[in-house]
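Enquirer: just the structure for this:
(2 chains, ligands or ions: 2)
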Amino acid sequence: MMNQKTTEQTLLSIKNLSTYFHTPEGVIRAVEGVNFDILKGACLGVLGESGCGKSVTALSIMQLIPSPPGEISSGSIQFAGKDLLRFSSRQMRSIRGKEISMIFQEPMTSLNPVYTVGNQIGETYRIHEGLDARQAKEKSIEMLSLVGIPSPQKRVDEYPHQLSGGMRQRVMIAMAIGCQPKLLIADEPTTALDVTIQAQILDLMAGLQEEMGMSIMMITHDLGVIAEISDKVVVMYAGQVVEQSSIDELFKHPLHPYSRGLLNSIPKLGDKFVRGKQPLREISGQVPDLINLPSGCLFASRCPKVEKKCLENVPQLIEIAPGHDVRCWLAG
Amino acid sequence: MLAYIIRRMFQAVAICLVISAMSFFMLFLNTDPALMLLPPEAEVADIAAFKKQMGLDRPVLIQYKDFLGRVVFHGDFGQSFVYKVPAVQLIMERFPATLRLALAAIVFINLVAIPVGVISAVKRGSFVDNIFTFFALMGQAMPLYWLGIMLIIIFGVWLRWLPISGSDSFAHLILPAITLGSWILPVNMRLVRSGMLDVLNKDYIRTARAKGLPEWLVLGKHAFKNAILPLVTVIGMQLGLLLGGAVVTETVFAWPGMGQLVLDSIHMGDYPVVQAVVVVFAVCVVVGNLVADILAALIDPRIRLN
Ligand SMILES: Nc1ncnc2c1ncn2[C@@H]1O[C@H](COP(=O)(O)OP(=O)(O)O)[C@@H](O)[C@H]1O
Ligand SMILES: [Mg+2]
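Expert: Numbers count the residues shown, from 1 in each chain, chains lettered A, B, ... in the order given. Ligands and ions are numbered 1, 2, ... in the order given. Next comes the predicted model:
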């Protein structure tokens, strides 16, 4: 059980979350037994290759898993002391966009092409704060200038196709933080943008986080992004958390062979990590089939140090050092 | 937007000209009114005299230029060879009834197709979806005249709810409009259903849900306006199909439209009437498409602002 102190500081606590997709080919175990906490005002980075269950974890928190075929099959998601998985769909709607907001990878397709950006930003105010159309538009203009869009009075009446990718992502951010959410989930918000725009968007998010005191869950496959903005990191592999620690600790003492592989796969300039589109391709081998999971450690088939027990027994996530957990037989 | 509409109007006029030319030349190549109108025992000299009298002996381009000039400046398609009155007059007596029937069918089709298509998409794979699909297939498989007769028997003869022939009141319009529309209704229903299914998978729908919008706004606002676009663009074309399809329906319900006139004038090679019909139909289709284009531009800013 959590003690009083951690409950006060913890905003979101995910316990043993499993989310499956029931497909004709079999059950896809997209997320399996995931645990992590997000502290108030902190930024948690969620790192992992494409397909490892990052988005499914985020959508599980929002309860936006398409169902069928998806289903949250077990676990609890405590948010501000209440289990979201016990919420009715109406209660959940009052949380989405107000207490927890989410922005997505594709700013090109995440905005509705047939409504103005002002309409789409203002909608959140009309729904959650009961503002009328005029007030909502004023608020939208305010938000547009807050996220650094020039001439917001003009932009508010424009359509998404009239904006650049970076601008659209700013609009998404404006939409997400309008009601001052306690948690912002950002699912690869900079992946689709080019490098200079990426930096601007990350700076914007870091600035807003400080100003508003919200927590951020930053999902990415880019270590550079994590290094830039996060305090803590969760490394995911094949639907599981394989390592979890502070950002400094992960960079200095990565314990899981997968995390080490990720760290080795980014180029270094002196001591600084270069941010950019660096796909994590250096680790050879393939992610296991999530329908027919192998016995033992899920990373074993790609692990350079694999031993006999790795193939036979499933390692548990254990705390090796204070605040540093790892799921590996060979760690410690 | 205005520039867009003006450009579309120019295109519309050009299309009308092309269609009138095509109808004129095709008819000219295919039929000889002199042979059809004069008795079989007519002498060569009689035929030549007839052609001269009707202006049919002049070069075809001259005839077309004449035809176009009269049509554009005077709305004059010439005298019907058969009825000996202006072709336009024949058509204007009957065309409004046909147009009314076609428009009523369009309204009926979409009043049913849109909600049914949306429900099918939202409840895809459910019992209701399957029922709707079943009726759609039935609607498409039934011949028009057979459906018309069935409706007459059920609602006109057995139940005595609706009149079965004539065109005096709104009630008279109901059975013919349903009969005519039942043929295209399933097409539009499938179009709305697939449009909606397509849109429901889009990222912006997930965004709308992530904002905490209630489902009726997600579907009714964010999905619907996008899903309806493919339907809007075909409605203009369907006006043409319905005007054509009205011929059979009119026969079944004794509807005073131009169905019979169209058939007769084609069989008898009554040029002026056929040409007038083709041009009137073409104008209707072109105007229908123009309206559809404008509607689509109103819905989708990507069309309007380019
Ligand atoms: N709607 C869905 N239907 C079936 N499988 C899905 C669906 N969404 C995600 N998955 C599966 O869940 C796994 C994790 O996906 P995701 O969380 O999107 O990965 P990522 O870490 O790249 O965000 C993938 O193997 C994917 O195939
Ligand atoms: Mg993803």
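Enquirer: longest single helix anywhere in chain B?
Expert: helix B:87-122 (DSSP state H).
Enquirer: what's the separation between the residue positioned nearest the centre of chain A and ligand 1?
Expert: The centre of chain A sits closest to A:Ile219, judged by Cα atoms, centre = their mean, with a distance of 3.1 Å. When Cβ to the nearest ligand atom, to the nearest Å is the yardstick, A:Ile219 and ligand 1 sit 7 Å from each other. C-beta: built from backbone N, CA, C; applies to glycine.
Enquirer: isn't there a helix covering that residue?
Expert: No. With DSSP: H, G, I helix; E, B strand; the rest coil as the criterion, A:Ile219 is strand rather than part of a helix.
Enquirer: tell me the spacing between it and chain B.
Expert: Applying Cβ to the nearest Cβ, to the nearest Å, one obtains 14 Å for the distance of A:Ile219 from chain B.
Enquirer: list the contacts of that residue.
Expert: Counting by Cβ atoms under 8 Å, 6 or more residues apart in numbering or on different chains, A:Ile219 makes contact with A:Gly45, A:Val46, A:Lys54, A:Ser55, A:Ala58, A:Ile185, A:Ala186, A:Asp187, A:Glu188.
Enquirer: C-alpha coordinates for stretch B:64-78, CSV please?
Expert: Listed in CSV are the C-alpha atoms of stretch B:64-78, where the atom choice follows Å, rounded to 0.1, in the frame of the first residue of the first chain:
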residue,chain,number,x,y,z
TYR,B,64,-26.8,22.9,-86.4
LYS,B,65,-25.8,26.6,-86.4
ASP,B,66,-29.4,27.5,-87.1
PHE,B,67,-30.6,25.2,-84.4
LEU,B,68,-28.3,26.6,-81.8
GLY,B,69,-29.1,30.2,-82.7
ARG,B,70,-32.9,29.5,-82.4
VAL,B,71,-32.4,27.6,-79.2
VAL,B,72,-30.1,30.0,-77.4
PHE,B,73,-31.8,33.3,-78.5
HIS,B,74,-35.4,32.2,-78.8
GLY,B,75,-35.7,29.0,-76.8
ASP,B,76,-37.1,27.6,-80.1
PHE,B,77,-36.5,24.0,-80.9
GLY,B,78,-38.8,24.1,-83.9
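Enquirer: what is the burial count for the closest residue to B:Tyr83 other than its chain neighbours?
Expert: Spatial nearest neighbour of B:Tyr83, excluding adjacent residues (Cβ to Cβ, 6 or more residues apart in numbering or on different chains): B:Leu90 at 6.1 Å. Residues within reach of B:Leu90, counting by other Cβ atoms under 10 Å in any protein chain shown, total 23.
Enquirer: what's the answer for A:Lys40, then?
Expert: 15.
Enquirer: now do the contacts for it.
Expert: A:Gln9, A:Thr10, A:Leu11, A:Lys182, A:Gly213, A:Ser215.
Enquirer: verify the stated contact: B:Leu231 with B:Val192.
Expert: Yes. Contact between B:Leu231 and B:Val192 holds when scored by Cβ atoms under 8 Å: they sit 5.7 Å apart.
Enquirer: what is in contact with the two at once?
Expert: In terms of Cβ under 8 Å, 6+ apart, B:Leu231 and B:Val192 are both contacted by the residues B:Ala113, B:Ile114.
Enquirer: pull up the residues of the stretch 1-150 of chain A that are close to ligand 1.
Expert: Proximity of the stretch 1-150 of chain A to ligand 1, by Cβ under 6 Å from any ligand atom, involves residues A:21, A:23, A:28, A:30, A:48, A:50-56, A:66, A:69-70.
Enquirer: same question for the stretch 151-300 of chain A.
Expert: Counting by Cβ under 6 Å from any ligand atom, the stretch 151-300 of chain A comes close to ligand 1 at A:Leu290.
Enquirer: that older thread, tell me the one of the contacts of A:Lys40 nearest B:Ile184?
Expert: The closest of these to B:Ile184 turns out to be A:Lys182 (Cβ to Cβ; 52.2 Å).
Enquirer: can you tell me how far the nearest residue to that closest one once chain neighbours are set aside is from A:Leu39?
Expert: Distance criterion Cβ to Cβ, 6+ apart; nearest residue to A:Lys182, sequence neighbours excluded, is A:Glu99 at 5.4 Å. Shown here: A:Glu99 relative to A:Leu39, a distance of 16 Å by Cβ to Cβ, to the nearest Å.
Enquirer: what bits of chain B have low per-residue confidence?
Expert: In the predicted model of chain B, residues B:30-31, B:33, B:36 satisfy pLDDT under 70.
Enquirer: repeat the analysis, applying 50 as the threshold.
Expert: Counting by pLDDT under 50, chain B shows no low-confidence range.
Enquirer: what residues does it put near chain A?
Expert: Counting by Cβ under 8 Å from any Cβ of the partner chain, the residues of chain B close to chain A are B:202-204, B:206-214, B:217, B:221-222, B:225-226, B:299-302, B:305.
Enquirer: out of those residues, which are inside helices?
Expert: Going by DSSP H, the helices hold B:203-204, B:206-210, B:217, B:225-226, B:299, B:301-302 from the residues of chain B next to chain A.
Enquirer: give me the ChimeraX select line for these, limited to the buried ones.
Expert: Selection of the buried residues among these in ChimeraX, burial being defined by 16 or more other Cβ atoms under 10 Å in any protein chain shown:
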select /B:203,204,206,207,208,209,210,217,225,226,299,301
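Enquirer: pick out the most distant pair among the contacts of A:Lys40.
Expert: By the measure Cβ to Cβ, A:Thr10 and A:Gly213 form the most distant pair in the contacts of A:Lys40, at 15.0 Å.
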